[in-house]
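[1] Sequence and computational prediction follow.
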Amino acid sequence: DALKVNSTLAYLDLSDNPAIGAEGVQSLCDMLVVNNSLNLLDLDKDIINPPALANMLKVNTALTSLLLCRTQMTEDELLEIIEALKVNSTLKSLDLSGVDFGQCCATALLELLKVNFTISSLNIDRLSTYRDTYDDIRAILDDPVRVAWASGEADTKPAREIPLERED
């Protein structure tokens, strides 16, 4: 319960700590629903609780970076997290490196970036097998208007649809 009222902790690294388990992540997420100071949460290589993370992401207003590198989750669990991020307006960086997922999640990530303009950094190294989707995601993230808006240098949000041109 200490995290509920903590106003100084900005970075919590629980990476490579499988002992935390799904129950520990549930408790952590319950606390992060009301915590307004933690900016970065690192759960690299941990056993996570995707439903708890999704619920927390829907309401947390402080977390700006979430590292889920090399975590084990099903595509449905990842889709639940992606869906939650559609309403999150504070997360800027999401690291899914080493997470295996298919075209369904790749497409969902692309659609997420069309409605969530806050995410400006997305590490998805395993997506290279879906080259077209990967290139489309890169194009959205590299859009100069989006970059300026995410950095606070522009007041205008990027267009919902960024034209994606392909050379066939």
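    Received it, and whenever you're ready, just let me know what you need.

[2] give the contact list for residue 13.
    Residue 13 is in contact with residue 42, counting by CB atoms under 8 Å, 6 or more residues apart in numbering. Backbone N, C-alpha and C define where each C-beta goes, glycine included.

[3] what do you get for residue 2?
    residue 31.

[4] per-residue confidence at it?
    In this model, residue 2 is scored at 73, pLDDT.

[5] and what of residue 20?
    Reported pLDDT for residue 20: 90.

[6] quick one: the helices in this structure?
    Along the chain, the stretches classed as helices by DSSP state H are 2-5, 21-32, 50-59, 75-85, 103-115, 131-142, 144-150.

[7] So for residue 67, which of these sits nearest?
    With respect to residue 67, and counting by CB to CB, the nearest of the helices of the chain is helix 50-59 at 11.7 Å.

[8] list the helices and strands the closest one packs on?
    Contact here means 3 or more CB pairs under 8 Å, 6 or more residues apart in numbering; DSSP states H and E; on that basis helix 50-59 packs against helix 21-32, helix 75-85.

[9] Show me what counts as buried in it.
    50-57 (16 or more other CB atoms under 10 Å).

[10] Find the centremost residue of this structure, please.
    residue 94 (3.5 Å; CA atoms, centre = their mean).

[11] If that one is in a bridge, with which residues?
    residue 66, residue 122 (DSSP bridges).

[12] contacting residues around it?
    Each residue near residue 94 by CB under 8 Å, 6+ apart is listed here: 65-66, 68, 85, 119, 121-123.

[13] For it, give me the pLDDT.
    95.

[14] what do you get for the one 10 residues further on?
    The score at residue 104 is 90. That number is its pLDDT.

[15] Wait, it touches residue 75, no?
    Yes. Judged on CB atoms under 8 Å, residue 104 makes contact with residue 75 at a distance of 5.9 Å.

[16] Endpoint to endpoint, stretch 83-90 covers what distance?
    End-to-end span of stretch 83-90 (CA to CA, to the nearest Å): 15 Å.
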